[in-house]
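Visitor: fold the following for me, if possible:
(2 chains)
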Amino acid sequence: MKKLLYTTALSALLIAGAGCSKSKLNLLPFNQLATSAAFANQADFTYAVNGMYQGLRASGSYFDGTWNIIADVLGDNLIINPTGRQSLKSYYIYTYTSSATYGLFSGGYTITRRANAILENIGNLPAGTFKNDVQGQALALRAMTYFDMARVYSKTYLNASDADFTLPYVTTTAATNLPASEPLKGFYDKVIADLVAAEALINPLATNKDIYLNKEAVAGLLSRVYLYKGDYANCIAQANIALGATPNLPSVTTFPSIWTDATESGVLFKVKNTTIDNLNNLGVNYYQYTPPPAGNPTGNGYKSEYLPDFGLYSSYDATDVRKSSYFLTFYYNGALENHIIKYAGRSGPPISATGVVNTNTTNPAGVVDGKALRTAEVLLNRMEAEYRSGATGPALADLVLLKTNRYTGYAGSAIATADAALSGAGLLNEILLQRRLELAFEGDRFFDLKRLNLPVARTNKGEKADGSGTLPLSLGIPAGDYRFQLPYPQSEILFNPNIKQNPGAY
Amino acid sequence: MKKLLLVSLCFLVLCVTQVFAQNRTVTGTVTAKDDGLPIPGVTVKIKGTGVGTPTDVNGKYSISVPAGATLQFSFISFLSQDIPVNGRNVIDVVLAPNTKELNEVVVVGYQTIQRKDAVGSLSVVDAKKFEEKPIVSFLQDLQGTAPGVQVTGSSGRPGNNAVIRIRGTGSITASSDPLIVVDGIQVATVAYAELNPDDIDNVTILKDASAVAIYGSRGSNGVILVTTKSGKANAPSLHYSFRYGKTQRQDFKNVTLMSSAQKLQYEYDAKYLDPTLDTMLINRGLPEDLSAITDAQRQTLWNLAISRGAGDWSKYLFQNATTRTHSISLSGGADKISYFLSGDINDNAGVERYSGFNRKGGRLNVTYQALPWFKMGTNIGVTTSHDNRVREAYNSQNSYAALFFFNPYEQPYNNDGTFNTTAQGFSPLEGAVNNPVSYDIVSDFGTFFAEANFFKHLTIKSQYAINYNTQNYQSYLQPGSNLAIILGYNQKQDQIQQNFFYSFTNTANWNQTVGGHHTFNALLGTEYDKGNLYTLSATGRGFPSKDFTTLENAATPTQASTSITQFSLISYFGALNYDYDKRYFINITGRRDGSSRFGANVQFANFGAIGAAWDLKNEKFLSLPNWISDLKLRGSFGTSGNNNITDYQALATYQTSKYNDQTAIIPSKLANPNLTWETSHSQDGGITYGFLDSRITGELDYYNRVNSNLLYPVNVSATTGFASYTGNVGAVRNRGVEFSINGSVVRTKDLKWDLNFMYSHNDNVVTQLYSNNAVGINASGIQRLVQGEPINVYYLVKEQGVNPADGKEVYYNLDGSTTETYVGSQAAILHNKSANVKHFGSFGTTLNYKGLDFSASFYYSGGNWIYNQIWMDETSSSSVNGNLFTEAANYWKKPGDVVPYPRVLDPATGKPDGTQATENYTTKYLEKGDYVELRDVTLGYTIPTRITKKYHVQSIRVFAQGTNLLMWTKYHGNPEFAEAGETASFAGSLALYGYPPIKGYTFGVDVRF
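Guide: Numbering: from 1, shown residues only, chains lettered A, B, ... in the order given. Predicted coordinates:
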């Protein structure tokens, strides 16, 4: 009897096992959400908007990645340090190929896809300020990203013919999409259309703050695009919106605080990188610091990846606040070098030029917000547009305004006297020089040379503080060279027959 | 109720006793034919009944038998004998050893069968192989033990797992590891090193379709079944073993590092001024140029640097590590119960200083025959381990890399006793001390089962098994450590992983012989598996001092997170074995699996196989000559699958992240509702043979295995914001031959001499590929996936050599012309050159003379190519800031020099030539990975029983053993490595700076009471 009982029990288990329901296979992840449930309410959109900015931060090729150095490596602002880690060397010596090219192509589309998802679902939100602002931010962020991608991979508007093309301006989230290369000029029009639409919808800087896109930032971006397009009237008009009646640049005293995130003055848009995010790329792109060993104060020190071009470094006047904010002359293994400390971190550089150790260690080294747009750039856009549209008076006034806020004791100085006498090419050159000095190590120089159809011409000097050392491995590339347009990734060219590779690239 | 049951039981026992009390008592001694010694534990059974008794320690037995009974004497590895009692009271029996080793039982999928009835291709590895070695993980011990099973376990980190490939690499992105099942449950990778090798009774390796099909979607890469020891019906037997060993780093072959003097001379010739010398010049007020000072001044500086320097850095980075193991077990059994109880303590220092692994564990395996037709049991093992690791990375923060990167004239310590960070800016010794990393693991293996024989032919079994592992990971960037200063913060991360897996299996087994000739064995079963991985991770910063090691002391908590992933598997399976007269065998297997990992459209899939065998020796119409003692033909074909991919791959999802420390939602991946299994189709044909009274035995197998529907990222346009989704594309074929032969050269009572040889050959080829895979999946860009070539075939620019005229490196273009400019796009597919091992095996001998035993075994492997990154780094003048191989000095110096390495100086300028100081990936550093190694040599002595018996000890054996003592290879360095540090992708492809392989000696003693 018992035997029957045991056997029946075991047989029951066998059958129970066999009856295992199929539903036990439908397991869902704990940290992810089905795509269909991602845009249900206002909170979802807030999260999705944050997701766009997270993309700006997380991309290794953008604001908290290599964006703060790539345009300077490709340009004439830097010299590679022979004792550094040789990072980004292929860009410094122009040996990039389609199978090893800059990552903003896939990185950029990852970001614009997030904006596209928001715009495709925007109808889920009720009409009102929240909806308008979300829509405005998505449009503006998409346009900004596409414009930067075009600056990397394509010619600039004024140097392009109607036959020149750029990457596709994708506005859908369809996964099977195989878009085609687009005419460059039409692409600029799409960027402008998105920004103009965004400007009407988005909240002002005072509401959104500078870590989200805002009305002033959109106007500032428009002034940049119009300058590239050569539409100087619109450039000036948008710069006026971005800057307001009294531009906040800020002053000589406040300027250094921008780089330790101690002030928001003068910043229209930046990508937040918190201490918890802890992305130290911005700093590590330039150097890593090891304290000198006991008894050898010149040992170790700042191990720089790149050091300033000696010609650039010499262009900073001693009274220029940017010189002390961007550079620090100190040892690395016994040799003096002009290290770039613009991105040292919120606690500042670890040791001063005189060897005083920084006791503020509350913040991680090299972790700061990625600056995307500052008032100073908008002012530089405006003065150049003014100059090019013949308004040399306002252009000079803007130049003086900038320099007053950068040079200690500018008013009445010899520099001010010389500036007052500037006109014609002399004035333009000074405007362009100020642009280079102001925006050095901020993702501008190479694109600016491309825009101006100038060559990359590096100074034939070494990496040491006094210009000695190893000479540049490459002195640059001629104006209009095909290498100004970085190659599209080979994987995309192979996969998507509708995308054309840049002429000359391989 | 319980009381009633017990009373009934007692009554039953009484009745039984009553029945037999009426009969005669037979006594006797059972001895072995070969050595004449008594055999304990022999089963003495009355034929045709379940009544029996074991012999005692002295081989004696006593049993009551009815008149006319026949006694059956059986013992493992001896030939059974049936002896009619014929009215005798004393029957002494001499048992002859069974030399036909095939006459054993073997564990296969969900059941145990007679070895000689097996149709599929399988190998059995016996417990002896796992004893004696100074190696923690039993997986490494499988090397060279079975044909077709390639085991690479060269990283010498104690507790490190081996890479195992059964019949080649079958997957590209999914795991190619075999399924490992311990006592009926699949175990997690983390648990492999937690199993005490001394607890293992045997390991069965299932290779062909017929054998693995019962494991369905998990079987396509082969299955390794581990069975732990159980007690025998016997008096308690106590076994104690102690092992003491020394291990050290295996030296690299064919290359040597420069001495201080050689390196300083090289630097001087190369016009390189290193920071150490530079500082010395500055401190003395001399010009920062060694050629601007006198020869005497320079020599004085050099001598000083040499005298201060470390010289051989390995003295500081590595150690002669001690290993100690104590292992004790008690096993035995009576009529209804058998048990095995064990414990072990295992302490292994690592050869890299500050690394080490130690493990403590226990196990209890019990089976209880509660009723004549009902049995239950449990196998429970619990292990704890502590593992201190040093960092493995491709930079000077790794000890093994530091051995190459640190100059011999640099000091390990500064004059004030602090660690010298050297020209590399980091001291791995400092890192190991001040940035400790540890893993603490607790593993539980538990199997619980009940089994009922409803009637003679039917067995129903229900089994629940768990494998539960918790792993505590701690990584501390201590305040004041070099790395903490560089990063600007100190930090500690704690991570806890709970890996819980359970399996509920129910089987019914029908076993019957009809009409004397037809034997049926049918198996039906179901299985439900579920895995749950829970991870908790927390990080904090701002520790006041290194003495505070828990996160509550952190000023700022910076991160806290948990995650859970789950998977489940539902299965139905069946197998039918039939044989006719032990001549014709057939095996049919089927399995239906459903897995949570796959798309909703294709969650279920069917697998099956058919195998057949013909025993020619038993065949009636063939009369094989007497010298053939065994001959069997086998063949099989069928399918199995691989579901070893990340959970949730089929779903389209958004995941959370943060912006401005607030929640952000970001797209995570694209959906593929059609995502399904990798499927393996395989065929196998083989012969099992024995000649000359089984003095020569072995097997020969041929197989062909095609794995298709490989799990692989299917590209989408990058303009969609995604790179790919996981799909099923491509196929890989592995085809090969396996051969083994064992010979007993001498087989006498006192002297036994055996020789053995194994050979396996495998050809791996990608037969089908996703069309857009131009770039392929690889880490360093030196490999490709190409149809018609092995997986990850090398893709490199071909190098011609150094031009004797100008000292520049010369490369081939794709069109065959030569150039002195390296262009990456001129890389070519190197036909049939990949990291896949093509042939491997082992050969060895064992010799027993009276109490002495000696064995030696060699392992060989080859046909693979390795990109030797270390060789490249250590001969390029671009690595001049670290140490170099002595051969690096053999560079081009003047026109006409025919040398392996390009010029260091540009003759035009007399300055270092940056264009030749490069590390371009070319064929120059692609080398064959062929080697032969003396894997194992053992000498032991067993003290004669007649002596030990006086002290009530059954046996004492002392032994000395050496592991990896000798190696023969042409490779520069050490070709045997499985994982090359953190950056390697495909096993064995790129020789980087992983934990070095070890060699060692072990001394031990084994005592049995």
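Visitor: stretch B:374-385 and chain A, any residue contact?
Guide: Yes. If you take C-beta under 8 Å from any C-beta of the partner chain as the test, stretch B:374-385 does meet chain A, through B:Phe374. C-beta here means a position set from N, CA and C on the backbone, and glycine is covered the same way.
Visitor: hey, which helix or strand in chain A has the poorest pLDDT?
Guide: One helix or strand of chain A scores below all others by mean pLDDT, DSSP states H and E: helix A:2-18, with a mean of 63.
Visitor: is A:Ala200 located within a strand, as I assumed?
Guide: No. A:Ala200: not assigned to a strand; according to DSSP: H, G, I helix; E, B strand; the rest coil it is helix.
Visitor: how about it, nearest residue that isn't a chain neighbour?
Guide: A:Gly136 (7.5 Å; C-beta to C-beta, 6 or more residues apart in numbering or on different chains).
Visitor: list the buried residues of the host helix or strand of that neighbour.
Guide: Assessed by DSSP states H and E, A:Gly136 sits inside helix A:129-153. Neighbour counts over helix A:129-153 (16 or more other C-beta atoms under 10 Å in any protein chain shown) mark A:131-153 as buried.
Visitor: okay, now the sheet partners of the very next helix or strand once past that helix, with direction.
Guide: Once the chain leaves helix A:129-153, the next helix or strand it forms, by DSSP H and E, is strand A:165-166. Here strand A:165-166 is paired, per DSSP bridges, with strand A:182-183 (antiparallel).
Visitor: list the contacts of whatever residue of the stretch 201-350 of chain A ends up closest to chain B.
Guide: Closest approach between the stretch 201-350 of chain A and chain B, counting by C-beta to the nearest C-beta: A:Asn333, at 4.0 Å. Counting by C-beta atoms under 8 Å, 6 or more residues apart in numbering or on different chains, A:Asn333 makes contact with A:Thr83, A:Thr298, A:Gly299, A:Asn300, A:Gly301, B:Pro275, B:Asp278, B:Thr279, B:Ala423.
Visitor: tell me the one of these nearest B:Gly542?
Guide: Of all these, B:Gly542 sits closest to A:Asn300, with 24.2 Å by C-beta to C-beta.
Visitor: now do the same contact list for the closest one.
Guide: A:Thr290, A:Pro291, A:Pro292, A:Pro293, A:Tyr332, A:Asn333, B:Thr421, B:Gly425.
Visitor: can you tell me the closest non-neighbouring residue to the fifth one?
Guide: Okay, so that is A:Tyr332. Counting by C-beta to C-beta, 6+ apart, the residue nearest A:Tyr332 is A:Gly301, at 4.4 Å.
Visitor: pLDDT on the helix holding A:Gly136, on average?
Guide: Averaging pLDDT along helix A:129-153 yields 97.
Visitor: for it, the distance to its chain's centre please.
Guide: 14 Å (C-alpha atoms, centre = their mean, to the nearest Å).
Visitor: and that helix, what does it pack against?
Guide: Under the contact criterion of 3 or more C-beta pairs under 8 Å, 6 or more residues apart in numbering or on different chains; DSSP states H and E, helix A:129-153 touches helix A:42-58, helix A:104-120, helix A:184-201, helix A:215-229, helix A:445-451.
Visitor: turn the ones you listed into a markdown table, including mean pLDDT and mean neighbour count.
Guide: Shown next, in a markdown table, are those (pLDDT from 0 to 100; neighbours: other C-beta atoms under 10 Å in any protein chain shown):
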| stretch | mean pLDDT | mean neighbour count |
| --- | --- | --- |
| helix A:42-58 | 94 | 22 |
| helix A:104-120 | 95 | 24 |
| helix A:184-201 | 97 | 19 |
| helix A:215-229 | 98 | 26 |
| helix A:445-451 | 97 | 22 |
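Visitor: that'll do, ta.
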